[in-house]
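K.L.:
I'd like to go over a predicted model; first the sequence, then the structure.
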Amino acid sequence: MKVHSLKGLVAVLFVIGLLVGCSSNGSGGKSDGKLVIDVFNIKVETKDQLQAMIDEYENNNENVSINLTTVGGGQDAASALQAKFSSNEEPAIFLLGGLSDVEKYQKYLLDVSDMESAKTAIEGTLQGATVDNKPYGIPLNIEGFGWMINKEIFNSAGIDPSTIESYDDFVKAVETIDSKKDELGLEAVFGFSGKEDWVVSQFSNHFSAPEFDNDLNKAYESTELTFKYGDRFKEYTDLINQYNVQPILSLDYSTSVEELFTNNKVAIIHQGNWIVPTLDSLDPEFTKNKLGILPLFVDSDDQGYISAGPSWFWGINKEKDEKVVEASKDFIDWMYTSDYGKEQIVGDFKYIPAHEGYEADSIQDPVSKEVYQMLVDGKSRVWAHNQYPNGFSQTAMFPEYQKYLNGDIDWEAFLETSSSKFTEMR
């Protein structure tokens, strides 16, 4: 056996062992007379909120026991979920990243058409989990991402973020902040997480969504990623790398968000409104007074867009015992349609709701309101990167992008390899 094969086997066994250790009674049946529902969650930043929601549901449904497993924040969640299924520890409820995941787990997935949380989903939000006109997932929330900025640093550098209305305006702002970084107490302008494949995948979305005409189905069905907007992709990448905390390949989510951004050591990161709970836990005033969001200018120099829409979808495993399936449906419906659930979704999770029956004014933090407004005003792009071929972002594009950031290959090599891998993996 080759050494790298042995290492791969050890890694797989480790992940399986981790999952077994994280979950009790993974069979999704009965334990001590109670129905057992295993939930697989990848949203690390709201795992405590989800656990609190589970606790409340259990208090009101004494015949149900819900086990929560959360894998993410640097761990390979996709591989961990696959390991669950490979080891016969299939969860009853699990998160789907888009149409590729729906296709991958199709034989397990329940058609959720009759669920109340499907009927109340905002028009269009079920598209990312719908195949042959049947929805197989309930949207988790609406999330938007782009440049998350520290407005206080911008203002201290003499820059009004609201005046950044073009790509050139953004470049000028970056250069101005860099020229004043010592007096501003910054390590660098950017804190881009070059170590995280999902950050790179999301970043690529700004440049691929317009190539696919901002259409999820077109992105999913396409056999080519031509990088039509590859020149602008390169310009932004080079700008980041020039003004980023180095080495860029060592920056993970925690370092970027929790250490650098929250402590005013960088002015700009590429993230989304999902960082709000983390920021609030570290500095409640940061979200209220400092946090802002800026769009990217891709197919137009003076018309910017963020990316926004449902990020993930709750899938329900129809292969479980019928009573477990019904209890799983009830839990998801309760989470999004009950008065308590709706209050927690916007108040505790700080989510932008993907369902009707919520008041826009109930969205608490300013950036989430801004994301919601951009979505409503048509200033957002879909999550096209979730429709890339399975594994493309992690195993094909990401390693090549890191090579470019590290100076090991040129941009043309990155584009050529990534494009050919996209077609090959489709």
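P.N.:
It's in.
K.L.:
and residue 236, what element?
P.N.:
When elements are assigned from DSSP states H and E, residue 236 belongs to helix 230-242.
K.L.:
Identify each buried residue in stretch 70-90, please.
P.N.:
70-72, 76-85, 89-90 (16 or more other CB atoms under 10 Å). To be clear about C-beta, it is placed using only N, CA and C from the backbone, and glycine gets the same treatment.
K.L.:
Which of these fall in helices?
P.N.:
Using DSSP state H, the subset of the buried residues of stretch 70-90 located in helices is 77, 78, 79, 80, 81, 82, 83, 84, 85.
K.L.:
Go through those and name the one nearest residue 183.
P.N.:
Within these, the smallest distance to residue 183 is 40.7 Å, found for residue 77 (CB to CB).
K.L.:
contacting residues around the closest one?
P.N.:
By CB atoms under 8 Å, 6 or more residues apart in numbering, the contact list for residue 77 reads 42, 71.
K.L.:
how much space is there between it and residue 55?
P.N.:
Counting by CB to CB, to the nearest Å, the separation of residue 77 from residue 55 is 23 Å.
K.L.:
How about residue 330?
P.N.:
From residue 330 to residue 55 the distance is 16 Å (CB to CB).
K.L.:
Those two - which one has more neighbours?
P.N.:
residue 330 (16 against 11; other CB atoms under 10 Å).
K.L.:
and that one, what pLDDT?
P.N.:
Residue 330 carries a pLDDT value of 98.
K.L.:
Can you list the neighbours in contact with the helix or strand containing it?
P.N.:
Per DSSP H and E: residue 330 is located in helix 322-337. Residues outside helix 322-337 that contact it (CB under 8 Å, 6+ apart): 28-29, 35-37, 53, 57, 61, 64, 66, 92-93, 110, 112, 115-117, 120, 138, 314, 316-318, 320, 341-342, 344-345, 353, 355, 357.
K.L.:
where along the stretch 251-400 of the chain do the helices fall?
P.N.:
253, 276-282, 284-289, 322-337, 339-347, 366-376, 398-405 (DSSP state H, counting those that start in this stretch).
K.L.:
Hmm, residue 73 and residue 80 touching each other?
P.N.:
No - between residue 80 and residue 73 there is no contact under CB atoms under 8 Å: 11.6 Å.
K.L.:
rewinding a little: using neighbour counts, pick out the buried residues of the helix holding residue 236.
P.N.:
For helix 230-242, burial by neighbour count (16+ other CB under 10 Å) applies to 230, 232, 233, 234, 236, 237, 239, 240, 241.
K.L.:
ok, so of those residues, who is nearest residue 275?
P.N.:
Nearest to residue 275, judged by CB to CB, of those is residue 240 at 17.8 Å.
K.L.:
Per-residue pLDDT of the closest one, please?
P.N.:
Residue 240 is given a pLDDT of 98.
K.L.:
Just confirm it contacts residue 190, I think it does.
P.N.:
Yes - shown here, residue 240 and residue 190 form a contact pair, counting by CB under 8 Å, at 5.2 Å.
K.L.:
what separates residue 202 from residue 384, distance-wise?
P.N.:
According to CB to CB, residue 202 stands 10 Å off from residue 384.
K.L.:
between these two, which one's more packed in?
P.N.:
Between residue 202 and residue 384, counted using other CB under 10 Å, residue 384 has the larger neighbour count: 28 against 22.
K.L.:
Surely the more buried one touches residue 208?
P.N.:
Yes - counting by CB under 8 Å, residue 208 is a contact partner of residue 384 at 5.2 Å.
K.L.:
Show me the common contact partners of those two, please.
P.N.:
Common neighbours of residue 384 and residue 208 (CB under 8 Å, 6+ apart) are residue 219.
K.L.:
Tell me which residue is most central in this structure.
P.N.:
Residue closest to the average C-alpha location in the chain (CA atoms, centre = their mean): residue 311, at 5.6 Å.
K.L.:
Now that one. Nearest residue, chain neighbours left out?
P.N.:
Sequence neighbours aside, residue 143 is the residue nearest to residue 311 in space, at 4.1 Å (criterion: CB to CB, 6 or more residues apart in numbering).
K.L.:
Residue 273 too?
P.N.:
residue 368 (4.7 Å).
K.L.:
can you pull the contacts of the one you found?
P.N.:
Contacts for residue 368 were tallied using CB under 8 Å, 6+ apart; they are 273, 276, 350, 351, 352.
K.L.:
Over to residue 280?
P.N.:
Going by CB under 8 Å, 6+ apart, residue 280 touches 286, 287, 350, 365.
K.L.:
Tell me where the protein has strands.
P.N.:
Ranges of strands in the chain, per DSSP state E, are 30-31, 34-41, 64-70, 93-96, 130-131, 134-135, 138-139, 142-150, 268-272, 291-294, 306-310, 313-316, 380-381.
K.L.:
related to what we said a few turns ago, farthest pair in the contacts of residue 280?
P.N.:
The distance between the two most remote of these (CB to CB) is 13.1 Å, for 286 and 350.
K.L.:
If you count surrounding residues, which of those two has more?
P.N.:
residue 350 (25 against 20).
K.L.:
Now the phi/psi pair for that one, please.
P.N.:
phi 60, psi 40 (degrees, to the nearest 10).
K.L.:
Surely it is in contact with residue 277?
P.N.:
Yes - assessed by CB under 8 Å, residue 350 is found in contact with residue 277 at 5.5 Å.
K.L.:
Identify the contacts common to the two.
P.N.:
With contacts taken as CB under 8 Å, 6+ apart, residue 350 and residue 277 have no neighbour in common.
K.L.:
Check the gap between residue 365 and residue 351 for me.
P.N.:
Taking CB to CB as the measure, residue 365 falls 11 Å from residue 351.
K.L.:
same thing with residue 282?
P.N.:
With the distance defined as CB to CB, residue 282 ends up 19 Å from residue 351.
K.L.:
Neighbour count for these two, which is higher?
P.N.:
The residue with more neighbours, out of residue 282 and residue 351, is residue 351; 26 against 15, by other CB under 10 Å.
K.L.:
Output the below-cut-off pLDDT ranges for this protein.
P.N.:
Residue ranges of the chain with pLDDT under 70: 1-31, 74.
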